[in-house]
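> Please work out how this folds:
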Amino acid sequence: MDYLKQNLQPGEEIKYVAKLHPALFFQPVLLFLSGWWLCTMEIKVLHYGGIFLLFIGVVSLVQRVMVKAGSVYAVTNKRVILKTGVISRRALDLVLAKCEGLQIKQSVLGRILNYGTITVTTGGATSSYPYLSDPVGFKREINTQIG
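Reported below is the predicted structural model:
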C-alpha cells in the first residue's frame, strides 16, 4: 500500500486494490507436508527423498511469501498499477485510456475458489500476473473506470 500512496498522481484516487489468493501457497505446503511425511519413513531412499521434498517445500514457501509481500495490483481513476517484487521490482502503470487488452485465465479450481491469472497487453508487450483473487472483479473495475 505504501508503493501505491507514494506513486499516486495529483487528483488520483484508489478505486480497487486486488489481493493474491491463498491458493498461491497450495503447492509449497503440499511439498512440505509430503516431505515431512516421507522423512518419517524407515526406508532410506524415501527418508532422503522426504528431506529433499521438505527442502524444496521450504524454499518454495519462502519464495511465495516474498511474492505475496511484494505484489500490488490496483485500479485508480486514471490508471492500472501492477507491481511485483521485493528485491527486484517489475512495475506496469497502464493509463486507462490506452488499455489494449485484458485477458483472464482460470482453471476449474480457480473458478471454484475465485482466483486466476490476469494478462495485460499494452503496445505489443504482454505481462501476466497469476493467483489474483477475484480476477473478474478486477477486470470489471477497470472497465468501470474506462467507461
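
> contacts and neighbour counts: CA atoms only from here.
Noted.

> Pull out the buried positions in the helix or strand hosting Asp93.
Using DSSP states H and E, the element containing Asp93 is strand 90-95. Neighbour counts over strand 90-95 (16 or more other CA atoms under 10 Å) mark Leu94 as buried.

> and for it, what are the contacting residues?
With contacts defined as CA atoms under 8 Å, 6 or more residues apart in numbering, strand 90-95 is touched by Lys78, Arg79, Val80, Ile81, Leu82, Lys83, Thr84, Thr122.

> Filter these down to the buried ones.
If we count by 16+ other CA under 10 Å, those have these buried: Lys78, Arg79, Val80, Ile81, Leu82, Lys83, Thr84.

> For those residues, work out which two are farthest apart.
Within those, two members stand farthest from each other by CA to CA: Lys78 and Thr84, at 19.9 Å.

> Give me the helices and strands touching the helix or strand where Lys139 lies, please.
Taking DSSP H and E as the criterion, Lys139 maps to helix 135-146. Of the remaining helices and strands, those touching helix 135-146 by 3 or more CA pairs under 8 Å, 6 or more residues apart in numbering; DSSP states H and E are strand 14-18, strand 72-76, strand 101-105, strand 115-122.

> switch to 10 Å and redo it
Applying 3 or more CA pairs under 10 Å, 6 or more residues apart in numbering; DSSP states H and E, we find helix 135-146 packed against strand 14-18, strand 72-76, strand 79-84, strand 101-105, strand 115-122.

> Now do the buried residues in the next helix-or-strand element following the first one.
The reference is to strand 14-18. Going down the chain from strand 14-18, the next helix or strand is helix 26-39, by DSSP H and E. Residues of helix 26-39 classed as buried: Pro28, Val29, Leu31, Phe32, Leu33, Ser34, Gly35, Trp36, Trp37, Leu38, Cys39 (neighbour count, 16+ other CA under 10 Å).
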